[in-house]
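# how would this look folded up:
(chains A and B)
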Amino acid sequence: MPRLLYVCEGGDCTERGSGDLHDKIKEQMASFDPNEERVKVRRYPCFGGCEAGINVTLFPDRVFYSHVKEDDVPEIVEHVLGEGKPVDRLTGHVQQDVEEIIWEMLDSPY
Amino acid sequence: MSNVDLDAKIPNNVNLKDDKRLQRALEKWLPSFQEWWSDMGPSDFNTRDIYLRTAIGVGKGGWAHFDYVKMPEYRWGIFLAEPSGDQKIQFGDNVGKPVWNEVPGELRARLRRLIVTQADTEPASVEQQRMLGHIAPSLYDMRSLFQVNCEEGRHLWAMVYLLHTYFGSDGRDEAEGLLERRSGDPDKPRILQAFNNPIENWMDFFCFTAFTDRDGKYQLAALAESGFDPLARSTQFMLTEEAYHLQTGENGVGRTIHRTAELLKQGKDPRAEGAFPLDLIQRYINFWSSASFDLFGGEDSTNAAEAFASGLKGRYREGDGIYKDPQALNQFYTMERPEGDRMTTQEIPLRRAMNALLLDAYVADCKRIVNRWQRDLTKFDLGLDVTLPSQKFNRRQGVYSEHYFTPEGELTTEADFEKHRDEWLPTTADRECVQSCMIGVQEPGKIANWISPPARGVNEQPFDFEYVKLN
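Below you'll find the model as predicted:
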């Protein structure tokens, strides 16, 4: 199972600039992991935490980042690559049940 | 490939100018499309300036350009997502082989059917919604409707490009057929039944965009995994635009529930205030979600198995590498099936359950949105709930059709179902109630009483922004 960093591209997150954020994360990750052997960066249709967007999740680590801005990208990349801790100020902004539904959706038994 | 030619008659990033034959064919199709839009697109608002988002590219910052546009002048175009290098087929019998840039002969008929079925839904939904502008609850919502309509038109262009480019004269005929069929026409209906019912009010529209367009998202996502690379890249970009349509529905139903809860909290009867009681909204959710479950086709399907095996249609997020076996061999899917008056479980080969797997992903997503509505409702402390019905309820397709289930998913009898029908599904009185509230509000910053304003405007504009210039 690869590690997956998903950037939400739901309507609200998109209007807040999730397209550019995705590109910036992808660009910064590429300097460390050009072939995405360690982490794949992908868009995800919607996480449902719209009021706390832009949302970014790391799976299967189950880290749910919210209110993410482009300035946060270096810290997120550092964490994702195993060189830093989860960025605490960006976690815990959506309700626990929203997170649980998302982990359930991302986890395929097949 | 990635250079966007915006000045061309047909904006594109597929180097259309280098393929004169294709360019001529599509330029010949353009006036037919414009005529169709004029006849069957949104009624009466084509001369108005509307604050629309137009895709002007697929890359960073390029896809969302906002400005006032008259709908017939919208820059419909052909945009494929960027190729990502050395692409390989991610699933099925051809896993690991290079993706196809031409249609394999043996898959031609199946692929054409997949594309035409998807393409047919795009103009169909525009036709279904063509009268709604007149009864929009606000200018913000009117603009959302037209945005959705224009982008569905662009998605039709994306599919027509594939038909013209890769399917020769058959493809050109199919492209003509897409403009000849009409939603609800008994002689030339749209292919899928759900796209033949008119959408005459905004409750239906919001439920349609929340549930039925969401089916489209899952179908597109499965096609975005396709081994036929031009199809995969077309649908990837369509998904980006589709997200807005789903949000329109999700937020629209949510705002309707919010308004009802506000009125109830004030001790008012929603009906008396020109709004909808919660049980009516629940019946609309029951109807539209169950009709949308049907769009996934039979849960046990050899056709779906073949589409997967051949590499045409993958599982949701197949390319992310989340599945244990990209060939889906030697695995089984456990399915509940009715047998007489009881339920049994049956294991079927996973490949035959591809529609069921896609439906499962869809249902999980629907649970997420209903849960979101419920969270908002809970804040009002009214002791009321909204729920998603079981995927067995009110089905016309698949293993649960021809049987009767309660919204909770309990097997029941036809007599019991009929006894409760008016509790579970919209009634004539419900439709009359909804229709009676459909009064167009066309003043900036004003909104009908049955719905709350959105939390935020479009592109950071305020709610009272003049999203549609009517004067």
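# Which residue does chain A have closest to chain B?
residue A:11 (2.7 Å; Cβ to the nearest Cβ). All C-beta spots, glycine's among them, are computed from the backbone N, C-alpha and C.
# and that residue, how far is that from residue A:45?
Separation of residue A:11 from residue A:45 (Cβ to Cβ, to the nearest Å) stands at 10 Å.
# and after the one helix or strand in chain A whose mean pLDDT sits lowest, which helix or strand comes next?
Across the helices and strands of chain A, mean pLDDT, DSSP states H and E gives its lowest value to helix A:11-15, namely a mean of 80. As assigned by DSSP states H and E, the chain's next helix or strand after helix A:11-15 is helix A:18-32.
# where exactly do the helices run in chain A?
When assigned using DSSP state H, the helices of chain A occupy the ranges A:11-15, A:18-32, A:73-80, A:96-106.
# Packed most tightly, which of those would that be?
helix A:11-15 (a mean of 25; mean count of other Cβ atoms under 10 Å in any protein chain shown).
# then that helix to CSV, C-alphas only?
What follows is helix A:11-15, C-alpha atoms only, in CSV (Å, rounded to 0.1, in the frame of the first residue of the first chain):
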residue,chain,number,x,y,z
GLY,A,11,-15.8,23.1,-4.8
ASP,A,12,-14.9,25.1,-1.7
CYS,A,13,-11.2,24.0,-1.6
THR,A,14,-10.9,24.6,-5.3
GLU,A,15,-12.1,28.2,-4.9
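# elements contacting it?
Here helix A:11-15 touches helix B:229-265, going by 3 or more Cβ pairs under 8 Å, 6 or more residues apart in numbering or on different chains; DSSP states H and E.
# Common neighbours of residue A:11 and residue A:45, please.
Residues within reach of residue A:11 and of residue A:45 at once, by Cβ atoms under 8 Å, 6 or more residues apart in numbering or on different chains, are B:243, B:246.
# Excluding chain neighbours, what is closest to the residue in chain A sticking out farthest from the centre?
In terms of distance from the mean C-alpha position of chain A, residue A:110 ranks first, at 22.8 Å (Cα atoms, centre = their mean). Spatial nearest neighbour of residue A:110, chain neighbours left out: residue B:323 (5.5 Å); criterion: Cβ to Cβ, 6 or more residues apart in numbering or on different chains.
# contacting residues around that neighbour?
Contacts for residue B:323 (Cβ under 8 Å, 6+ apart) come out as A:108, A:110, B:91, B:315.
# In this structure the second one contacts residue B:329, no?
In this case it means residue A:110. No - checked against Cβ atoms under 8 Å, the pair residue A:110 and residue B:329 is beyond contact range at 11.3 Å.
# got any residues that touch both of those two?
Residues touching both residue A:110 and residue B:329 (Cβ under 8 Å, 6+ apart) are residue B:350.
# hmm, back to that, which of the contacts of residue B:323 sits closest to residue B:395?
Of all the contacts of residue B:323, residue B:315 has the smallest distance to residue B:395: 21.9 Å, by Cβ to Cβ.
# Pop out the phi and psi values for the residue nearest to the closest one when sequence neighbours are not counted.
Computed as Cβ to Cβ, 6+ apart, the closest residue to residue B:315 that is not its neighbour in sequence is residue B:357, at 5.7 Å. Main-chain dihedrals, residue B:357, degrees, to the nearest 10: phi -60, psi -40.
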